[in-house]
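*Asks:* 3D, please:
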Amino acid sequence: MHTATLPPPANPAPPQPVRGFPPAPRAGSSTGWAPPEASQRRRAPRTRRTVALVTLGTIAAGASTFVGNEAVLAIAFLFVISWPLERLFRRHPVPVRRLALRTDLAYAVSQPALQVAALVAGLVIGGLSLAWLPGLLVRPLVTSLPGWLQVVSGVLLFDLIVYWAHRWGHTVPLFWRFHAVHHSTKHLDWISGFRAHPFDGIMIAPAIFFLIAAGFDNTLTGVLALVQFLVGLGAHLNVRFKLRPLWPVVMTPEFHHWHHELSPAAHHSNYSTLLPVWDIVFRTYRMPRHERPQHYGISQHMPDGIARQLVHPLKGLRSDWHRWRADRHRRVALKATLRRMRRGDQADLATRADHVHRV
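*Replies:* This is a model prediction of the structure:
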């Protein structure tokens, strides 16, 4: 008597390669990458080189606090708060000393320098964009609003702009080059939210210039940016509670974990970084009730280490720029050809109508 065997479950199709990045090697190859299974999270290997690097890095980080690097103290404070939550309500069995922990710690310690680089780039792009000119035009209207209405409209407008900036970070190949660094982490926990390229999200600089020029309080813009940063750190926690009543109200770990899921359907969803209402309005909201995200990361290649990850998006940038310009010229030429064809058809129709009228 033969026993029927069930076919193995089909694996989800990986996302399509993004232009500008080499395609990811197949899982199982000697140089390939496969997303870690939830039950097989591995501890980082301990070698003499690793111990030496960690020791030197700890000494350097501690010494940097004496020259004003408050990021080290912030990391210690965040660890003290987050570690009990991830131990008591742990979702994935990720060890504290996990793989790529040194890379994420390096991003966290380097925040002062990375933020300076992002600020300089943002000032240049925001100033050259001239987005502050229309802001000055609507400034009398904004300043005439009541204080509470200015706050509410500022919060909604700022969060809407961040939603579209984040969405463009996934859909525009040039922006995805830098945003892919953040999504390259294979584990989500208390420290993974710090992994981000300083040029990731600088396309929001023109919008911030517009808001400030329009008369919205600079303090409000800074507070909103800080709140979104802190909420984002909490959304990466490795915790198992769902907080289902808050799903449509504010970003939760469950909401953002789905955004980091490897499957294409989940990867292009949940772009909001504070209020999920924008995902609901623009139909990118995804919160399955009977499923939970399991695999994180990207299918494209991303090198290890903060230095190589910061340089990686810049490789081939010029060729992508020339390719984009060539595509743009082709689109403009195609539109011009279509317009000429429509004008020719209209002229032909007018000639025929005149001929029929004469007959």
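*Asks:* Please list all residues in contact with residue 239.
*Replies:* 85-86, 89-91, 253 (CB atoms under 8 Å, 6 or more residues apart in numbering). From N, CA and C alone the C-beta is placed, and that goes for glycine too.
*Asks:* Produce a PyMOL select command limited to the buried residues of the residues you listed.
*Replies:* Listed next is the PyMOL selection for buried residues among the contacts of residue 239, using 16 or more other CB atoms under 10 Å:
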select buried, resi 85+86+91+253
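*Asks:* Need the three-state assignment for residue 127.
*Replies:* helix (DSSP: H, G, I helix; E, B strand; the rest coil).
*Asks:* check which helix or strand covers the residue lying closest to residue 305 once chain neighbours are set aside.
*Replies:* The shortest distance from residue 305 to any non-neighbouring residue, by CB to CB, 6 or more residues apart in numbering, is to residue 103 (5.9 Å). Assessed by DSSP states H and E, residue 103 sits inside helix 101-109.
*Asks:* Check residue 174 too.
*Replies:* helix 173-183.
*Asks:* Buried residues, that helix. List them.
*Replies:* For helix 173-183, using 16+ other CB under 10 Å, the buried residues are 174-183.
*Asks:* With stretch 274-284 instead?
*Replies:* Those would be 274-279, 284, for stretch 274-284 by 16+ other CB under 10 Å.
*Asks:* how far does it sit from the chain's center?
*Replies:* In terms of CA atoms, centre = their mean, to the nearest Å, the centre of stretch 274-284 is found 15 Å from the chain centre.
*Asks:* ok, now stretch 203-211?
*Replies:* 17 Å.
*Asks:* After the helix or strand containing residue 225, which helix or strand is next?
*Replies:* Using DSSP H and E, residue 225 sits within helix 218-235. Using DSSP H and E, the next helix or strand after helix 218-235 towards the C-terminus is helix 253-260.
*Asks:* So which residues make contact with that following helix?
*Replies:* 183, 185, 188, 232, 234-237, 239, 241-243, 247, 266-267, 269-272, 276, 286-288, 292-293, 296-297.
*Asks:* swap the cut-off to 7 Å and go again
*Replies:* 183, 188, 234-237, 239, 242-243, 247, 266, 269-270, 276, 286-287, 293, 296 (CB atoms under 7 Å, 6 or more residues apart in numbering).
*Asks:* what's the very next helix or strand once past it packed up against?
*Replies:* Counting by DSSP H and E, the element after helix 253-260 in chain order, helix or strand, is helix 264-267. Contact analysis of helix 264-267 by 3 or more CB pairs under 7 Å, 6 or more residues apart in numbering; DSSP states H and E lists no helix or strand as a packing neighbour.
*Asks:* and residue 308, how many residues sit next to it?
*Replies:* By other CB atoms under 10 Å, 11 other residues sit near residue 308.
*Asks:* Please state the backbone phi and psi of it?
*Replies:* Main-chain torsions, residue 308, degrees, to the nearest 10: phi -70, psi -30.
*Asks:* Report the contact partners of it.
*Replies:* Taking CB under 7 Å, 6+ apart as the definition, residue 308 has no contacts.
*Asks:* separation between it and residue 105?
*Replies:* Distance of residue 308 to residue 105, computed by CB to CB, to the nearest Å: 16 Å.
*Asks:* Assign a three-state SS to residue 190, would you?
*Replies:* Going by three-state DSSP: residue 190 is coil.
*Asks:* Please apply the same query to residue 321.
*Replies:* helix.
*Asks:* Would you check how far apart it and residue 180 are?
*Replies:* From residue 321 to residue 180 the distance is 17 Å (CB to CB).
*Asks:* Kindly state the pLDDT recorded for residue 215?
*Replies:* What the model reports for residue 215 is a pLDDT of 87.
*Asks:* Residue 194 too?
*Replies:* So residue 194 comes in at 90 (pLDDT).
*Asks:* And the next helix or strand past the helix or strand where residue 141 lies?
*Replies:* Secondary structure from DSSP H and E places residue 141 in helix 139-143. Using DSSP H and E, the helix or strand that follows helix 139-143 in sequence is helix 147-171.
*Asks:* Contacts for that next one, please.
*Replies:* 142, 175-176, 179, 200-201, 203-204, 207, 211, 216, 220-221, 224, 228, 268, 271-275, 278.
*Asks:* repeat that for 6 Å
*Replies:* When contacts are defined by CB atoms under 6 Å, 6 or more residues apart in numbering, helix 147-171 is touched by residues 175, 179, 201, 203-204, 207, 216, 220, 224, 271-275, 278.
*Asks:* go on, stretch 270-281?
*Replies:* 159-160, 162-163, 166-167, 228, 231, 248, 251, 255, 258-259, 284-286.
*Asks:* Show me just the buried residues among those residues.
*Replies:* 159-160, 162-163, 166-167, 228, 231, 251, 255, 258-259, 284-286.
*Asks:* and the least confident of the residues you listed?
*Replies:* Comparing the buried ones among the contacts of stretch 270-281 by pLDDT, residue 228 comes last, at 79.
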